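*Asks:* generate coordinates for the sequence data below:
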Amino acid sequence: MSIPAPVATGTFLYLIMGVVLLALVFASRLTGRISKDNADIANVVVIISTIATWLFWLCAWMHQWHPLIAPIYGE
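*Replies:* Coordinates of the predicted model:
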C-alpha cells in the first residue's frame, strides 16, 4: 500500500514551511534581533505548531478521502 500523492505533497510542503520558519528564527538570532532564550522558545513553538497544523490538515484530508458517515438515500 502506497502513500497517496496529495498526502506526500502536503507533508513535503509542511516540512518546507517548518524549515523556512526555523531558518527565520535562526537568522533573527544571528542578527541579534532576539535573545538566545527567546530563540529557543521560538524553535519549540515553530516545531510544535508545524506538527499540529500538519496533523490537523492530515485529519481533514483523510476525513474527506474516506468519510465515516455515508448518505442514506430514501426510497
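*Asks:* can we go C-alpha only for contacts and neighbour counts from here?
*Replies:* Fine.
*Asks:* which elements pack onto the helix or strand hosting A8?
*Replies:* The secondary structure element spanning A8 is helix 5-31 (assigned by DSSP states H and E). The elements that helix 5-31 packs onto, with contact taken as 3 or more Cα pairs under 8 Å, 6 or more residues apart in numbering; DSSP states H and E, are helix 36-65.
*Asks:* measure the spatially most central residue of the chain to L21 for me?
*Replies:* The centroid of the chain falls nearest to W54 when counting by Cα atoms, centre = their mean (2.9 Å). Distance from W54 to L21, counting by Cα to Cα, to the nearest Å: 14 Å.
*Asks:* what about the residue lying closest to L22 once chain neighbours are set aside, how many neighbours?
*Replies:* With Cα to Cα, 6 or more residues apart in numbering as the criterion, L22 has its nearest non-adjacent residue at 6.4 Å, and that residue is N43. When neighbours are defined as other Cα atoms under 10 Å, N43 has 19 of them.
*Asks:* one step back: neighbours of the residue nearest to the residue nearest to the centre of the chain when sequence neighbours are not counted, how many?
*Replies:* Across the structure, with Cα to Cα, 6+ apart as the measure, the residue nearest W54 apart from its sequence neighbours is Y14 (6.3 Å). By the criterion of other Cα under 10 Å, Y14 has 18 neighbours.
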